[in-house]
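Chemist: would you be able to build a 3D model of this:
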Amino acid sequence: MVIPIPSVPMPDGPLPEECQENVKRLKWSIISMIFFGCGRAACAIALGAVSFDFFALLNLFISIVMGTFLLKDDAHLKNFYKCLADSICQPCADSGQGGMQCLMPFLIMTVLNVLLDFIQRMPFFGIMPYGLFLAGSLIAQAAAVYFSWGIYQQIRTPRGDVEMSGGYNYDRVNRADAPPQQGFLDGRAEATQGGGFNVFQGQGQRLGS
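Modeler: Residues are numbered from 1 along each chain as shown. Modelled structure (predicted):
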């Protein structure tokens, strides 16, 4: 199953100062995801339940990779990022993936992991120590979702500054002072008037003449 992830424009350059606190908290949430994910995998191996938890652990690993690419310049995550970029994630690193462009994919992937894990693995919270690491991984992911959403709220591009998804820009009709809908209609009118074709023009010929 392929999950469509919306293309959300993100500003380039350094993050504003008001984002730094959420970025710091997100960093520790991702580190907690790594810690509890490793403990969860070790417990699953010890209990012989790897086949049961395999895809959930794989999704958790993908979410961790996205978070690491998101904060690839962080002092605590850059070594792990370098390890990923030089090995299994080299194509992504070579194509320039990373930074704030990973924010929405990370957020969506992580929130899906939290929901699916909570629904499908609720009966296993009482199996110790697996349940402890399972709960820890869910809490860490939920915190990462919360702080990611806070960052998105702080840096998202205002809707008025974004062109339509089809590539049409109202400014192209040179009517910056006109309302957007009026500019769009005027642009269409110009396109239809340029052909110079009128349906009922010409002398014609009467029948029988």
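
Chemist: quick one: buried residues of stretch 72-82?
Modeler: Neighbour counts using 16 or more other C-beta atoms under 10 Å place 72, 74, 77, 80-81 of stretch 72-82 among the buried residues. Every residue, glycine included, has its C-beta placed from N, CA and C.

Chemist: just the mean pLDDT for it, thanks.
Modeler: Averaging pLDDT along stretch 72-82 gives 89.

Chemist: now do the same end-to-end measure for it.
Modeler: One end of stretch 72-82 sits 8 Å from the other (C-alpha to C-alpha, to the nearest Å).

Chemist: contacts for it, please.
Modeler: 27, 30-31, 34, 68-69, 71, 85, 98-99 (C-beta atoms under 8 Å, 6 or more residues apart in numbering).

Chemist: in helices, which of these fall?
Modeler: 27, 30-31, 34, 68-69, 85 (DSSP state H).

Chemist: so where's the protein shaky on pLDDT?
Modeler: 1-16, 157-209 (pLDDT under 70).

Chemist: show me where it has helices.
Modeler: Assigned by DSSP H, the helices in the chain fall at 20-46, 50-70, 78-85, 90-94, 103-120, 130-155, 180-193.

Chemist: since we're on residue 131, how many residues are nearby?
Modeler: Look at residue 131: counted by other C-beta atoms under 10 Å, it has 16 neighbours.

Chemist: scratch that, residue 153
Modeler: 10.

Chemist: measure it to residue 67 for me?
Modeler: Here the criterion is C-beta to C-beta, to the nearest Å. By it, residue 153 lies 18 Å from residue 67.

Chemist: same deal with residue 44?
Modeler: On the measure of C-beta to C-beta, residue 44 and residue 67 end up 21 Å apart.

Chemist: and residue 104, by the same measure?
Modeler: In terms of C-beta to C-beta, residue 104 sits 12 Å off from residue 67.

Chemist: residue 22 now?
Modeler: Distance from residue 22 to residue 67, by C-beta to C-beta: 13 Å.

Chemist: looking at these two, which has the bigger crowd around it?
Modeler: Comparing residue 22 with residue 67 by other C-beta under 10 Å, the one with more neighbours is residue 67, at 27 against 20.

Chemist: you'd agree that one is up against residue 28?
Modeler: No. With contact defined as C-beta atoms under 8 Å, residue 67 does not count as touching residue 28 (11.1 Å).

Chemist: ok, of the ones in helices among the contacts of stretch 72-82, which one's closest to residue 128?
Modeler: Among the ones in helices among the contacts of stretch 72-82, residue 34 lies closest to residue 128 (C-beta to C-beta), at 21.0 Å.
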